[in-house]
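>>> Mind folding the following:
(one chain, ligands or ions: 1)
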Amino acid sequence: MRRLRAALPVLAAVAAIACNPDDVVHRVGWFSTMRVQRSIKPYARPIPPVPGTVPVTGMESVPTLQTGDRFLNPRTRTSESINRGRFVYETYCIVCHGATGRGDGPISSTAGGLYFGVRSLVNDTIAARTDGYIYGTVVNAPLMGRGLMPIYGDKVRGTDRWDVVNYVRTLQAAAKAAGGRR
Ligand code: HEC
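Numbering: from 1, shown residues only. Below you'll find the predicted structure:
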């Protein structure tokens, strides 16, 4: 018994060392770690680039209502693209446009939320729009004459923008198959 009691601190020390310190350290309040720091959290405050900043990948051209239709979709509608588009849609769009694209996401006034003016993405009018038009709305809705929708081009970037267009096409096909678009 006494020998066991003597071994206890040793056992405790071994157990402590066996844990990954990275998993433990932030649970202990008196360690100062990088978790506790003055930093700007995502969405807290958009920071414009420093004046004079030049993108190293070249300037991208932003679609407008006049030019949107000329932007051609470089992403084939593969399942990989659609799956990625679904992820992007469920991250950024679903809150307003809803799971099936009918404009009835949880914050949309259609579903009793506070956000007014959300449109369906699956009616005949929008189904007949070009990929470039939908792409333009994702990048900068006000430039596409859709001033009630916030800008998403700073959040959805690169091929993700086209993948979400491809996913919207999937929602339109599903709405049609379900009998009539709304
Ligand atoms: C905060 C709510 C909100 C979110 C999030 C949102 N939208 Fe919108 N969207 C709107 C509103 C409101 C309109 C109508 C704008 C207007 O008519 O001025 C709109 C319009 C559109 C239109 C044009 C529909 C038409 O009939 O011309 C498209 C396309 C669209 N959204 C796609 C998207 C996609 C894709 C995403 C995700 C990247 C997204 N939206 C995220 C609110 C939102």
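
>>> Which SSE is immediately downstream of the lowest-mean-pLDDT helix or strand in the chain?
Within the chain, no helix or strand scores below helix 2-18, which has a mean of 64 by mean pLDDT, DSSP states H and E. As assigned by DSSP states H and E, the chain's next helix or strand after helix 2-18 is helix 21-24.

>>> which regions of this protein sit below the pLDDT cut-off?
Within the chain, the set of residues satisfying pLDDT under 70 comprises 1-4, 8, 10-18, 26, 29-33, 35, 180-182.

>>> Relative to residue 169, how far out is residue 176?
11 Å (CB to CB, to the nearest Å). Backbone N, C-alpha and C define where each C-beta goes, glycine included.

>>> Of these two, give the one with the bigger neighbour count.
Taking neighbours as other CB atoms under 10 Å, residue 176 and residue 169 compare with residue 169 leading, 19 against 13.

>>> Name the nearest residue to residue 85, sequence neighbours excluded.
residue 167 (3.0 Å; CB to CB, 6 or more residues apart in numbering).

>>> Mind listing residues that contact the helix or strand the one you found falls within?
Using DSSP H and E, residue 167 falls within helix 160-177. Residues from elsewhere that reach helix 160-177 (CB atoms under 8 Å, 6 or more residues apart in numbering): 73-75, 77, 81-82, 84-86, 88-89, 92-93, 100-102, 121-122, 126-127, 131, 134-135, 138-139, 153, 156, 181-182.

>>> Equivalent analysis for stretch 71-85, please.
In contact with stretch 71-85 (CB under 8 Å, 6+ apart) are residues 63, 131-132, 135-136, 159-160, 162-170.
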